[in-house]
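Visitor: Mind folding the following:
(one chain, ligands or ions: 1)
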Amino acid sequence: MRASFRVATVFGIDIRLHVTFVLVLLLGAWPWLVWGPAGGLFGAVMSLAVFGCIALHELGHSLVAKAFGIPVTDITLTPIGGVAVLKDRPKTPTQELLIAIAGPAVNVVLAVLFFAVGVGLEGLPGLVDALQSFGREAPRAEHIWVMLVSANIMLALFNMLPALPMDGGRVLRAVLSYGLEPERATRIAAVVARVVAIGFVAVWALSEHASPMLPFIALVVYFGAGAEVREAKLTRVLSQIPSGDVVSPYAPRFEPGTTLGQAVMVLQVSPLPVFTVEQSGRFVGVVTADDLLEAIRQRGAFGYVAALVRREVPVVQATDSLDVARSKLLRGPVRAVAVMRQGLFLGLVTEVELARAMEVSDRLQAKVQRSGWLERVDRS
Ligand SMILES: [Zn+2]
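Guide: Numbering: from 1, shown residues only. Presented below is the predicted three-dimensional model:
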């Protein structure tokens, strides 16, 4: 059960609203309620319009990502802004730079557009007049343009602050990545992000007019930066390990004729989310633990695995790195990748193999650090 619901689909991308989005209407209406219910309505409608601009901002990121062949899961709008969820990360600094910049660029275009419409309808003096009376007098039609232009300028500027995982932070990381290792670039960008996050809290504490959402955004940035560092480390470690090295020859395998009753016995002892299905040693496809459990719940133990086999399984070669395997796993229809060597099926890479590879790498690193320390002690 997700805490969001779909409101539209644009270019094949679902746009979802988080349930807490109702807060946006309340917070939007609040300052305008001094002019009665009509003022409140103006505030609520305006905040909806601003979130429409945020949705277009996210669509900017999403369409550039799609142009680079990166599938987009969906766009979700929450009270602290929007998120476009990509199924994979950008492959080069240039891709990351262009995807990140596309969002604020949309807001710049919108600001110019709304300014032009405002000037067209009200004339420049009318718009200047509306700017001066904005928030001081009861809301009028001219105030719509002031609100939309200023909101889009703010959105462009705010998102370009160098606070990973916000757009400006991604731009900073991408620019640093031209000259540094990706992980090092991410670590530097994360330090900058945390300084900015602390700055958000300071601004919120010291200013009367700061948005009440600022501390929440600070938290998202602070922990989001940490997640980006972990992701960069994961990428480095996985890109050093060949997929063929982690597949387990002992992973349980099913045949199409295996009954669901037999399969459930295996499920009880195996943590794997996906299993190989083969016939006489030949790879047929995979079956997921979720599908098996669902089928057993519906049909009982007497069905066969054959009905649940998924044949569209992404393939990597044994020499391809685990990072390549992970990328295909995240994009693919099932959470598994088949590893082949010279046309022969070796086994599957699932999230379990990826997690184990990370765990082993962490332990090895700890060991290397310990022995390095001992060496220094010995020499002294
Ligand atoms: Zn953005």
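
Visitor: got the residues of the stretch 101-250 of the chain near the ion?
Guide: Contact residues, the stretch 101-250 of the chain versus the ion (CB under 5 Å from the ion): 103, 159, 167. Bear in mind the C-beta positions are built from the backbone N, C-alpha and C, glycine included.

Visitor: residues near the residue of the chain found nearest the ion, how many?
Guide: Of all residues in the chain, Gly103 sits closest to the ion, at 3.1 Å by CB to the ion. Counted with other CB atoms under 10 Å, residues neighbouring Gly103 total 26.

Visitor: check contacts around it.
Guide: 57-58, 60-61, 159, 167 (CB atoms under 8 Å, 6 or more residues apart in numbering).

Visitor: Tell me the confidence at it?
Guide: pLDDT for Gly103: 95.

Visitor: In contact with the residue nearest to the spatial centre of the chain, which residues?
Guide: Centroid check for the chain by CA atoms, centre = their mean gives Val85 as the closest residue, at 3.9 Å. Each residue near Val85 by CB under 8 Å, 6+ apart is listed here: 72-76.

Visitor: please redo it, this time with the cut-off set to 6 Å
Guide: For Val85, the contacting residues are 73-74, by CB atoms under 6 Å, 6 or more residues apart in numbering.

Visitor: Okay, and the beta partners of it?
Guide: Per DSSP bridges, residues listed as beta-bridge partners of Val85: Asp74.

Visitor: Show the pLDDT at it.
Guide: You'll see Val85 listed with a pLDDT of 88.

Visitor: hey, where'd the helices end up in this protein?
Guide: 22-29, 36-67, 93-133, 141-159, 167-177, 182-206, 214-238, 260-269, 289-299, 322-331, 351-379 (DSSP state H).

Visitor: Share the number of residues neighbouring the residue nearest to Glu353 when sequence neighbours are not counted, please.
Guide: Nearest non-adjacent residue to Glu353, counting by CB to CB, 6 or more residues apart in numbering: Val246, 4.7 Å away. Residues lying near Val246 (other CB under 10 Å) number 19.

Visitor: now Pro256
Guide: Count around Pro256 with other CB under 10 Å applied: 16.

Visitor: how close does it get to Glu294?
Guide: Separation of Pro256 from Glu294 (CB to CB, to the nearest Å): 18 Å.

Visitor: just Ala105 next, same as before
Guide: Counting by CB to CB, the gap from Ala105 to Glu294 is 44 Å.

Visitor: The two: who's more crowded?
Guide: The neighbour comparison of Ala105 against Glu294 (other CB under 10 Å) goes to Ala105, with 17 against 12.

Visitor: Contact partners for the residue lying closest to the more buried one once chain neighbours are set aside?
Guide: Spatial nearest neighbour of Ala105, chain neighbours left out: Gly60 (6.3 Å); criterion: CB to CB, 6+ apart. The contact partners of Gly60, by CB under 6 Å, 6+ apart, come to 102-103, 106.

Visitor: if you set the cut-off to 7 Å instead, what comes out?
Guide: Counting by CB atoms under 7 Å, 6 or more residues apart in numbering, Gly60 makes contact with 102-103, 105-106.

Visitor: Please apply the same query to Ala251.
Guide: 272, 276, 347-348.

Visitor: measure it to Ser270 for me?
Guide: Ala251 is 8 Å from Ser270, by CB to CB.

Visitor: can you check Asp129 too?
Guide: 71 Å.

Visitor: now Glu312
Guide: Counting by CB to CB - Glu312 and Ser270 are separated by 23 Å.

Visitor: the more surrounded of those two?
Guide: Per other CB under 10 Å, whichever of Glu312 and Ser270 has more neighbours is Ser270, with 13 against 9.

Visitor: where does the protein have low pLDDT?
Guide: Low-confidence segments of the chain (pLDDT under 70): 1-2, 367-380.

Visitor: Let me see the domain layout of it.
Guide: 4-238, 243-358 (automatic domain parsing).

Visitor: got TSV for these, with distance to Leu364 too?
Guide: As requested, the domains of the chain are exported to TSV (distance: least, CB to CB, whole Å):
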stretch	distance to Leu364
domain 4-238	10
domain 243-358	11
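
Visitor: Specify the stretch among those domains that is closest to Gln365.
Guide: Among the domains of the chain, the nearest to Gln365 by CB to CB is domain 4-238 (8.8 Å).

Visitor: Dihedrals phi and psi, Gly179?
Guide: phi -110, psi -10 (degrees, to the nearest 10).

Visitor: Is there a neighbour count for it? I'd like the number.
Guide: Using other CB under 10 Å: Gly179 sits among 9 other residues.

Visitor: any idea how far Pro139 is from it?
Guide: According to CB to CB, Gly179 stands 50 Å off from Pro139.

Visitor: mind checking how far Thr259 is from Phe302?
Guide: 6 Å.

Visitor: What of Pro212?
Guide: Pro212 is 58 Å from Phe302, by CB to CB.

Visitor: what's the distance between Pro182 and Ala38?
Guide: 53 Å.

Visitor: higher neighbour count, those two?
Guide: Using other CB under 10 Å, the more surrounded residue of Pro182 and Ala38 is Pro182, with 20 against 12.

Visitor: which residues sit in contact with the more buried one?
Guide: Applying CB under 7 Å, 6+ apart to Pro182 gives the contacts 232, 235.
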